[in-house]
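# Predicted model follows, preceded by the sequence.
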Amino acid sequence: MIKLLTIIGARPQIIKSAALSRAIKDKFAHKIHEVIVHTGQHYDDNMSQVFFDEMDISQPNYNLNAGSGSHGKQTAAMIDGIEEILLKEKPNCIVLYGDTNSTLAGAIAASKMQVPIIHIEAGLRSFNKSMPEELNRIICDRVSTLLFSPTKAGFNNLLKEGFKKNNPGPYSLDNPKIYHCGDVMFDNSLFFSSFTNHSTTVLSDNDLETGKYVLVTIHRNNNTDDPLRLNALFRSINRISVESKIKIIIPLHPRTSKLLSTNLTPDLYSAVKTNEQIKIISPVSFFNMIALERNSFLIMTDSGGVQKEAYFFNKPCIILRSETEWTELVKSGSAVIADADEGKIVKAFLHFKKSKKLKFPDLFGDGNAAGFICKEILKNIK
Ligand code: UD1
Ligand code: UDP
């Protein structure tokens, strides 16, 4: 039996962790014991607890209640708490997801204690070091032992950074192993999408009809904190709703909600608030989000996860960033990088309004990435 310590903290990590926890419970319970640590980075019920309830994830064994704060304060509180738990639990390895401050804290605490790190979503790069996430993921990859990349592009990034292919074990911090293994988020979308359409009323509750609305999410710090960018994004949303007479639904991240009234000009704020075609709602549960995604006409987002889910559900996506880690989406023609540029966003929307046949070739595995990861952990971690 090996003991695996999973670190989660931000919304997408809780969601991603459901796939591995499910695989462990269903197929490897006699070989893997999972201990879950929630850093408390996200703490509102609709950013955290709702996912445990809905996706049947075991309650965390520990909650560090790190909460919000500056990068240094938040990360330091998490490192402190994770170190204590590592000393107590003495796990065989630690599992880290993605690129948040919770990931970074786990990477620092575990590597200093020589606990092997399993990094899920390794190798993704935006090549933009002004993003906190880019720093977090580079640091985490450098100190990981098993690196699981969901895409070919991610795997190739690791090769370019000097990681080796086909190197023999045993694997360690000095001899890491890299994999191209598919995406645990795709596992989840396949697993949960079969029953979400029947179990949610999110469309009727918001007066939406299938194929007749745009779904928008915005939370990236450079979009929320920069008034110029936030104004450009909401001007585009307002314009598209008016010119194309289409409804727009925005489940808004708390970070963005808190900044909307201060960072939008009073005129734009009032235009958005009084536009009956635009509906801003609180963050929704995963089942509701999947229902909103799969029934939408198009998705506009700066989220990494939502970009991919748009692809999983064969929806065109306008990426509200200047670059993406998920370059395959853009290459497929189903996603366009439009940044926070009103002209580019409106142009991309009109382009997708005309495009009839988009292609969505399989890029994210077979829906069993989590099972593969468990097997490799069992093979390579002692
Ligand atoms: C974090 C991640 C980002 C990820 C996102 C997923 C980092 C550096 N960023 O960004 O990569 O895409 O999570 O959603 O780790 N807040 C609440 N309630 C909550 C959580 C946050 O009100 O439950 C508000 C607080 O005002 C907080 C702000 O949101 O200061 C930002 O939260 P934080 O976790 O620091 O970063 P995110 O923007 O959520
Ligand atoms: N999500 C959700 N409810 C929402 C918005 C997003 O359940 O109101 C889910 C979404 O389906 C995806 C994940 O949260 O699985 C993406 O997280 P987020 O956009 O916060 O972060 P990112 O992926 O950019 O790190």
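Done, it's in. Remember, it's a predicted structure, so these values are computed and weren't measured experimentally. Ligands and ions are numbered 1, 2, ... in the order given.

# could you pull out the helices for the stretch 1-150 of the chain?
Secondary structure of the stretch 1-150 of the chain (DSSP state H, counting those that start in this stretch): helices at 11-23, 49-55, 71-89, 101-112, 132-142.

# could you dump those to CSV with distance to ligand 2 and mean neighbour count?
Where you see a C-beta, it was placed from the backbone N, CA and C, and this is true even at glycine. Shown next, in CSV, are the helices of the stretch 1-150 of the chain (distance: least, CB to the nearest ligand atom, whole Å; neighbours: other CB atoms under 10 Å):
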stretch, distance to ligand 2, mean neighbour count
helix 11-23, 4, 24
helix 49-55, 7, 18
helix 71-89, 16, 17
helix 101-112, 10, 24
helix 132-142, 7, 20
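
# Dump those to a markdown table, plus mean pLDDT.
A markdown table is the format used below for these (pLDDT from 0 to 100):
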| stretch | mean pLDDT |
| --- | --- |
| helix 11-23 | 98 |
| helix 49-55 | 96 |
| helix 71-89 | 98 |
| helix 101-112 | 98 |
| helix 132-142 | 98 |
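
# Lowest-scoring secondary structure element of this structure by mean pLDDT?
Scoring the helices and strands of the chain by mean pLDDT, DSSP states H and E places helix 184-199 at the bottom, with a mean of 85.

# So which bits of the following helix or strand past that one are buried?
Per DSSP states H and E, the first helix or strand lying C-terminal to helix 184-199 is helix 202-205. Neighbour counts over helix 202-205 (16 or more other CB atoms under 10 Å) mark 202, 203 as buried.

# what does helix 202-205 rub up against?
Helix 202-205 is contacted from outside by 208, 209, 210, 284, 288, 291, 292, 295, using CB atoms under 8 Å, 6 or more residues apart in numbering.

# Just list what the next helix-or-strand element following it packs against, helices and strands only.
Per DSSP H and E, the first helix or strand lying C-terminal to helix 202-205 is strand 213-217. Strand 213-217 sits against helix 227-243, strand 247-251, strand 298-301, with contacts defined as 3 or more CB pairs under 8 Å, 6 or more residues apart in numbering; DSSP states H and E.

# run the last query once more with 6 Å
Other helices and strands packing on strand 213-217, by 3 or more CB pairs under 6 Å, 6 or more residues apart in numbering; DSSP states H and E, are strand 247-251, strand 298-301.

# Arrange the ones you listed in JSON lines, one row each, with distance to ligand 2, mean neighbour count and mean pLDDT as further columns.
Putting the helices and strands packed on strand 213-217 into JSON lines (distance: least, CB to the nearest ligand atom, whole Å; neighbours: other CB atoms under 10 Å; pLDDT from 0 to 100) gives the following:
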{"stretch": "strand 247-251", "distance to ligand 2": "4", "mean neighbour count": "21", "mean pLDDT": "98"}
{"stretch": "strand 298-301", "distance to ligand 2": "7", "mean neighbour count": "24", "mean pLDDT": "98"}
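
# May I see the ones you listed organised as TSV, with distance to residue 128 added?
Putting those into TSV (distance: least, CB to CB, whole Å) gives the following:
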stretch	distance to residue 128
strand 247-251	25
strand 298-301	17
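
# can you tell which of these is closest to residue 103?
Closest to residue 103 of these is strand 298-301 (CB to CB; 20.6 Å).

# What strands flank that closest one, and is each parallel or antiparallel?
Strand 298-301 has these partner strands in its sheet, going by DSSP bridges: strand 213-217 (parallel), strand 317-319 (parallel).
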